[in-house]
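**Student:** what's the 3D shape of this:
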Amino acid sequence: MLIETPAVRTLSLLLMLFAAVPSASAQDAQEHIPTATAPAGQKGGPGARSGSTPASAATAEQHKLPPDSTTKHTLELPGRSLAFTATAGSIRLFDDKGEPQADIAYTAYQLDGADRASRPVTFIFNGGPGAASAWLQLGNNGPWRLDINADAVTPSTAPDLKPNAETWLDFTDLVFIDPVGTGYSRFVATGEDVRKKFYSVDGDVASIAVTIRRWLEKNDRLLSPKYVAGESYGGIRGPKVVRNLGSQQGVGVSGLILISPVLDFREWSGSSILQYVASLPTFAAVARDREKKGDLSRADVKDVESYARSDFLVDLLKGQADTDATNRIADKVAALTGIDQAVSRRLAGRFDIDEFRREFDRRDGKVTGRYDASVLGTDPYPDSSSFHFGDPSGDRLVAPLTSAAVDLTTRKLNWRPDGSYETLNGAVERAWDFGRGLRPLESTSDLRQILALDPKLKVLVAHGLFDLATPYFGSQIALDQLPPFASRVKLAVYPGGHMFYSRDASRQAFRTEVQQLMK
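**Tutor:** Just a heads-up that it's a prediction; the model follows:
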């Protein structure tokens, strides 16, 4: 999930849990990471409480995470029964002097009776930066699931977890990781230096890669086939984590799964015209879905993709000084979206995400969701000249998801950390060092490197058709620029938004795709 930032007004929310390991060697330390800054990521929100380091070492020790809790469970699902072992706990990370830095919480599920050498294990994280793994664990592939369909859920919805028929546990063990500042993960060291290190692109990647290696060592799983899955800002993390695992940790990865990812921030600045190309097919999909009343697929907007790549882009390149080209764009966009032609002409057919969200159904005082633009909500200030609305497809999910995550951890898994569970920690995103300069943040170069190095590596990129946080066509454009040896990367687009897996049919289809990847 994505957190909003000035440079990318289009990303905010993602995910979760693990207990304490007594000691570690200097090799678990994180390398020194130089500092910088740039655009922000994806899934996250405001009002966070625990984005900074503790005031003292004594305070940190007082609030350290409790010992790991291991419990046994049996899940009764249609046509099968799964017996598994769950562990909620944490892994402590150290610097190169052997000083403790942070406790990284995780939740792991391992199927009982399986051969550990041949049984796959998948490491899963969300994005933000600042989002816990609860979104994927409780919304998509964990043993238990919460209904997070934004059409049906409100903040007061009961956080009742039910057995998840689409869990991936049938074919892979699952380890959900919460980067520091999310879930129950927290700093142990004091001072700003450690916070700056972990809240940076490279420091974050190193911490997750070390956590994965430490978990594999601790659980005797180094021989297992290993997969990495990341959502939203996880599109930046994922390829970089796989690369770090191979080059720094001595851990090979069999497959990478990117869910609603952002791959390249370079085209999301206010000056780039490619942002309009990337979002246009999603704008049209939202309009056609409303006309068709559901059952829309990517095939229904192939004509818009073709137009976006050709005449639309050509006219954009001509610039607004070319009146004929500008009017052609504006009128075509109005026809594709149903937005008033006069409004489209005023904006020269160049709608940013928030402008589309407000103008799509402004006549009825509605705004679209950012995570799922097929979801409409009431504009709280319909007569205002500026934007004062949240996300009807995301904001209403935070309360039930947080309550469900806490209930699962403390009651079902019997792990009881103190402090608040941070589902979306806006303080993390605000403190994040994205780097700056002539090369804005992207992960496609890392994707090139890992694909070139390992011809057996499998990569699946999955998107929702109505996602305005990370529009699917942006990933299509980025993947199209990869060389022929990367053609094995598969892009799958499902009905739904950023959390497309909230829809039953999309979640089922996605599970089938992932299972095929791991065969």
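
**Student:** For the rest of this, base every contact and every neighbour count on C-alpha atoms.
**Tutor:** Noted.

**Student:** how about stretch 471-482: buried residues?
**Tutor:** Across stretch 471-482, burial judged by 16 or more other CA atoms under 10 Å covers 471-475, 479.

**Student:** could you pull out the strands for the stretch 51-200 of the chain?
**Tutor:** 69-77, 80-94, 100-111, 121-125, 144-145, 162-163, 173-178, 186-187 (DSSP state E, counting those that start in this stretch).

**Student:** now these as CSV including mean pLDDT?
**Tutor:** Shown next, in CSV, are these (pLDDT from 0 to 100):
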stretch, mean pLDDT
strand 69-77, 97
strand 80-94, 97
strand 100-111, 97
strand 121-125, 98
strand 144-145, 96
strand 162-163, 96
strand 173-178, 98
strand 186-187, 94
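
**Student:** closest to P281 out of the ones you listed?
**Tutor:** Closest of the strands of the stretch 51-200 of the chain to P281 is strand 121-125, at 27.9 Å (criterion: CA to CA).

**Student:** All the helices of the stretch 151-300 of the chain, residue numbers only.
**Tutor:** 192-198, 201-218, 234-244, 274-292 (DSSP state H, counting those that start in this stretch).

**Student:** all strands of the stretch 251-400 of the chain, in order?
**Tutor:** 255-259, 366-368, 376-378.

**Student:** next one: the longest one to chain centre, how far?
**Tutor:** Meaning strand 255-259. Strand 255-259 sits 11 Å away from the centroid of its parent chain (CA atoms, centre = their mean, to the nearest Å).

**Student:** Equivalent analysis for stretch 395-414, please.
**Tutor:** Averaging C-alpha positions (CA atoms, centre = their mean) puts stretch 395-414 18 Å from its chain's average.

**Student:** ditto for stretch 382-398
**Tutor:** That offset, for stretch 382-398, works out to 21 Å (CA atoms, centre = their mean).

**Student:** List the buried residues of that stretch.
**Tutor:** 382, 389-398.

**Student:** Distance to V301 added to the residues you listed, as CSV?
**Tutor:** Listed next are these as CSV, based on distance: CA to CA, whole Å:
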residue, distance to V301
P382, 30
F389, 28
G390, 27
D391, 24
P392, 24
S393, 22
G394, 25
D395, 28
R396, 29
L397, 29
V398, 31
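
**Student:** Determine which two of the buried residues of stretch 471-482 are furthest apart.
**Tutor:** Most distant of the buried residues of stretch 471-482, by CA to CA, are P471 and L479, 13.3 Å apart.

**Student:** Give me the distance between D340 and T368.
**Tutor:** In this view, D340 and T368 are 16 Å apart by CA to CA, to the nearest Å.

**Student:** Compare those two and say which is more crowded by neighbours.
**Tutor:** T368 (29 against 18; other CA atoms under 10 Å).

**Student:** how about that one, what does it touch?
**Tutor:** 357-358, 360-361, 374-377, 391-393 (CA atoms under 8 Å, 6 or more residues apart in numbering).

**Student:** hmm, try it at 7 Å
**Tutor:** The contact partners of T368, by CA atoms under 7 Å, 6 or more residues apart in numbering, come to 357-358, 374-377.

**Student:** Could you do K458 as well?
**Tutor:** Counting by CA under 7 Å, 6+ apart, K458 has contacts 254-256, 489.

**Student:** So, low pLDDT: which residues of this structure?
**Tutor:** 1-63, 150, 268-270, 385-388, 436-438 (pLDDT under 70).

**Student:** now do 50
**Tutor:** 4-41, 45-50 (pLDDT under 50).

**Student:** Show me where the stretch 401-519 of the chain has its helices.
**Tutor:** For the stretch 401-519 of the chain, the helices defined by DSSP H, counting those that start in this stretch cover 426-431, 444-453, 472-480, 504-517.

**Student:** Compile those into CSV and extend it with columns for distance to L465.
**Tutor:** CSV is the format used below for the helices of the stretch 401-519 of the chain (distance: least, CA to CA, whole Å):
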stretch, distance to L465
helix 426-431, 26
helix 444-453, 21
helix 472-480, 7
helix 504-517, 11
